Each structure stands twice: as structure tokens, then as C-alpha cells.
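K.L.:
After the sequence you'll find the predicted model.
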Amino acid sequence: MEHITLAPIARVNGTVALPGSKSISNRTLLLAALAKGTTTVKGLLAADDIHYMLEALKALEIKWEQTGESRDFIVHGAAGAFPVKTAELFLGNAGTAFRPLTAALALCQGHYTLSGVARMHERPIGDLVNALREAGADITCTGTEGYPPLAIQPATFNGQVIKVKGNVSSQFLTALLMALPLTGQAVTIEVIGELISKPYIDITLKLMAKFGVQVEQKGWGSFSIAKGQAYQSPGTIEVEGDASSASYFLAAGAIGGGKVRVTGMGSDSIQGDKRFAEALALMGAEITWGSHFIEAAPPKNGQLTGIDADMNHIPDAAMTLAVVALFAKGPTTLRNIASWRVKETDRLSAMATELRKVGASVIEGKDFITVTPPESLIADAAIDTYDDHRMAMCFSLVAIKGVAVQINDPQCTAKTFPTYFEELAKISA
């Protein structure tokens, strides 16, 4: 399908059971593979990024099997050492697979190559590679220095204090945290500069703890792993619903004239993107929290209000706010989002371009975006999605205010949410 045309949606109302979290799914798969023992992973996300991780683990001779038609998987851990010492891995555009596997394989005394799609080769990985090299790893960027593809050779780990920059992607710190227990040594990671996307590090630390490895944290600048720790299977672990995916449906509730509830995550979630609901509340939406659900409804006066807010803690979900801004009174400014530029596409540029297609006035800064809504939306805009799942899902919301919109390349949602448009249709009138 080259495009999908969404007819005007008069009202949304209903409940959406969220698919599993991408961040939790891929972290859990890798930890289960590295752990001693067998782990049952319940509710794994069915999406491209997870497919690439599963295929990579299979190539590394980690045994896993799916339980019938369910999304429950049994993973047989390798107790800290991948059985295969020579492998070529293709990881698509899955950063949650590529970055952690880079660090883990750099410590595995093998010969590995890691590559992906063209966009993956444009996404920086130099800060992670340099941190690993300083600790003794032998990693070569076989194309452009600082970017994939990568070639990894056997090397001797000699790092006691590893420094990594924190201002480009939190996945670099996540990769180091998850991999370094494999050394069995006492290691401290020091973060240089500001650490972005801190809630994603919190996910990493909590999942590591479930697998038996504790990290001593001093603020957001220092993380220490004691000598002799090793991953142990927790037996069974359940994947929460994806909080980033929840943002589209919560936004729909806030702008769409009815109540929308998402289930599978809520106030008890370990995901930082649950705080998207707080941002909607600042705009005036009615938010109801439960331990395993969140519900959103329009403001009592029917009018959302623009906000000016730092979105560094929830950069993925913040994209949804840029489209919600179309339906708010006054401008909305989202700040401290430079990481948008190194995601699946340059999201700052892409957002600005596509928002203008529907009539918005947009100021695109180096690390911020300001969106001023038009008096009326332009109908039948053809939205380009840049092979970016979040662009497609965000701009589907344009239809909720009674304006038809065309979404080009809707299949890009397969990266994290293959059934997104079907789920949106279920709550639409």
C-alpha cells in the first residue's frame, strides 16, 4: 500500500489494549539471552525491531521458541557468552537492537559485523564506539567513521572507568550498562555532559535488577557495577504495554470529543513516556490514572491550550504533542529535543515540513520547535512519513478534527505497531 487516506473522524471513544513496549521487549530479550537459565518473556511486541533482535539472537545460537500463536517466548540463556564467535548481523533500523548488541559483542571475543538499512548507517554511534575502544575493544567503522556498519574483532577489556557522552542518545549508556557485567570486573561509567532521555536509563536499570545485577548510581553522572555480578533468569517477566504508542490514543481522546482509555501500562509503569499524559493535562485535557491504565478526555471547556515545555525526558512521545498543538489555542513550543535529528529520520525537519502542509506556522530551531495552529486545517494533505513509524502515527490525528488526510507509506508503522490503523479505526466514529 503506497498510502492510506483517512476520512474525517467525527468522534473517538473506547479502549485500546497496547502492544508490548519496544524498549522493554528488546532489552529483555538481550538480558534473557545473556542470563543463566531459561526465561519466559510474556507479551513481547510483534514488530520489525523485535524481529531483528530475535533473528540476531538466533544467528548467535541463542535458542528461543514462541508459545503457539501467543506473544510469549521462551529464551534459553547462554550464561554470559554467545555460543557463536563469528557472525554477520543485519539489524534494519533497530537502534534498540544495534546499540546494545554492539557493546555486548565487543566483549565476547569474536568476529562480528553489524549492519542495517541506509538510515541506520546515518545514525551516529561514534560515542559508544569510542567509549568501548578506550576500554580495549577492537571496533572498526567500515564506512564512515562514527557510523555503522561495524566490524568487531577479539580484544582484551581493560577498562575500570569508562567515559561516554550523554547528549546524543541514551542508548549508548544503556548499551554499556547492559554489556559490562559480562566482564565480571568492577566498572564505573562516567557520563560526559548532559544525559538526555533519562527515563530510558531508568528502564534499563530496573530490568537489569530483575535479572540480578545491581548498579550503584550517583545522580545521572556516574554508574558503578560491582565485581562478580552476573545475569540470572527471573523465570518469567511480563512486557508492559508501550507508553510511546499510548501517546497517539491519549492524544486522540484529548482532541476527539470522547474518552479513550489505554490499558497495559499506567501509573505503575517503569516507562518515562507515561508522563506524556502529564503534558496533555498541562494543555487542559482531562486525565484519569490507574495502576495499569490511563484515560484521556477533552478539556471541560472543550479547548486545549498551547504550552512551552522541556521535552528532553520524553522525546519520542513529544512528537505527538507537535500534532496536538494543531488543535490548541496559541502556540506550542517543545524544547531540548535535539535528539529528534538523529532518530529514524531528522524528525525536527520532517515535523516542520509536514505540519506546514496542514496549515501550521512553524519555527524550527536547532533543538526546539514552535507550532502555531492555523485558523482552519488544510484538507487532503499528503503527509510524507520518511520511513518513520512515528510520523505516520502522529499525523493520523489530523483526521480527528474532521479533515481528511493522506498518510504515505503507512506500512512504516510495522517498526513498532503494525496494527496501528486498525486500532485507530476501532475507536473512531
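P.N.:
In hand now; what should we look at?
K.L.:
Where does the prediction get shaky in the protein?
P.N.:
1 (pLDDT under 70).
K.L.:
can you list the domains in it?
P.N.:
3-19+242-427, 22-224 (the TED database).
K.L.:
right, and those - which one's nearest Pro234?
P.N.:
domain 22-224 (5.0 Å; CB to CB). Bear in mind the C-beta positions are built from the backbone N, C-alpha and C, glycine included.
K.L.:
Report the distance from the closest one to the chain centre.
P.N.:
The chain centroid and the centroid of domain 22-224 are separated by 14 Å under CA atoms, centre = their mean, to the nearest Å.
K.L.:
Ser169 touches Val342, doesn't it?
P.N.:
Yes: contact criterion CB atoms under 8 Å: Ser169 and Val342 qualify, at 6.7 Å.
K.L.:
For the spatially most central residue of the chain, which three-state class applies?
P.N.:
Centroid-nearest residue in the chain, with CA atoms, centre = their mean: Ser23, separated by 5.4 Å. Following DSSP: H, G, I helix; E, B strand; the rest coil, the label given to Ser23 is helix.
K.L.:
Please name the nearest non-neighbouring residue to it.
P.N.:
Ile203 (5.6 Å; CB to CB, 6 or more residues apart in numbering).
K.L.:
residues near that neighbour, how many?
P.N.:
23 (other CB atoms under 10 Å).
K.L.:
give me every residue that touches it.
P.N.:
Ser23, Ile24, Arg27, Ile270, Gln271, Gly272 (CB atoms under 8 Å, 6 or more residues apart in numbering).
K.L.:
returning to what we had before: more neighbours, Ser169 and Val342?
P.N.:
Ser169 (24 against 16).
K.L.:
Any buried residues in stretch 355-370, and which?
P.N.:
Under the neighbour-count criterion of 16 or more other CB atoms under 10 Å, stretch 355-370 has Leu355, Arg356, Lys357, Val358, Gly359, Ala360, Val362, Phe368, Ile369, Thr370 buried.
K.L.:
From the chain's centroid, how far away is that stretch?
P.N.:
Its chain's C-alpha centre and that of stretch 355-370 lie 23 Å apart, by CA atoms, centre = their mean.
K.L.:
From the rest of the structure, what touches that stretch?
P.N.:
322-323, 325-326, 331-338, 348-349, 351-352, 371-374, 376-378, 381-383, 395, 398, 403, 405.
K.L.:
and with 7 Å instead?
P.N.:
322, 326, 331, 333-338, 348-349, 351-352, 371-374, 377-378, 381, 383, 398 (CB atoms under 7 Å, 6 or more residues apart in numbering).
K.L.:
In helices, which of those residues fall?
P.N.:
Among the contacts of stretch 355-370, the members found in helices (DSSP state H) are Ala322, Leu348, Ser349, Met351, Ala352.
K.L.:
Quick one: residues contacting the third one.
P.N.:
Contacts for Ser349 (CB under 7 Å, 6+ apart) come out as Glu364.
K.L.:
one step back: where does the residue nearest to Ser23 land in three-state SS?
P.N.:
Assignment for Ile203 (three-state DSSP): helix.
K.L.:
any idea how far it is from Asp367?
P.N.:
With distances taken as CB to CB, to the nearest Å, Ile203 is found 23 Å from Asp367.
K.L.:
Over to Ile9?
P.N.:
33 Å.
K.L.:
swap in Thr142?
P.N.:
31 Å.
K.L.:
Kindly report the same for Lys85.
P.N.:
42 Å.
K.L.:
Same check on Gly235?
P.N.:
43 Å.
K.L.:
Remind me which helix or strand the residue lying closest to Ala97 once chain neighbours are set aside belongs to.
P.N.:
The shortest distance from Ala97 to any non-neighbouring residue, by CB to CB, 6+ apart, is to Met53 (4.2 Å). Using DSSP states H and E, the element containing Met53 is helix 48-59.
K.L.:
C-terminal to that helix, what's the next element?
P.N.:
Following helix 48-59 toward the C-terminus (DSSP H and E): strand 64-66.
K.L.:
Mind giving me the packing neighbours of the very next helix or strand once past that next one?
P.N.:
Next helix or strand after strand 64-66 toward the C-terminus (DSSP H and E): strand 73-76. Applying 3 or more CB pairs under 7 Å, 6 or more residues apart in numbering; DSSP states H and E, one finds that strand 73-76 contacts helix 22-34, strand 38-42, strand 64-66.
K.L.:
Do I have it right that Arg11 meets Lys401?
P.N.:
No: between Arg11 and Lys401 there is no contact under CB atoms under 7 Å: 10.7 Å.
K.L.:
Compare those two and say which one has the larger neighbour count.
P.N.:
When neighbours are counted by other CB under 10 Å, Arg11 and Lys401 differ, and Lys401 comes out ahead with 16 against 13.
K.L.:
ok, the closest residue to that one other than its chain neighbours - contacts?
P.N.:
Nearest residue to Lys401, sequence neighbours excluded (CB to CB, 6+ apart): Phe327, at 5.9 Å. Residues near Phe327 by CB under 7 Å, 6+ apart: Ile255, Leu304, Pro373, Lys401.
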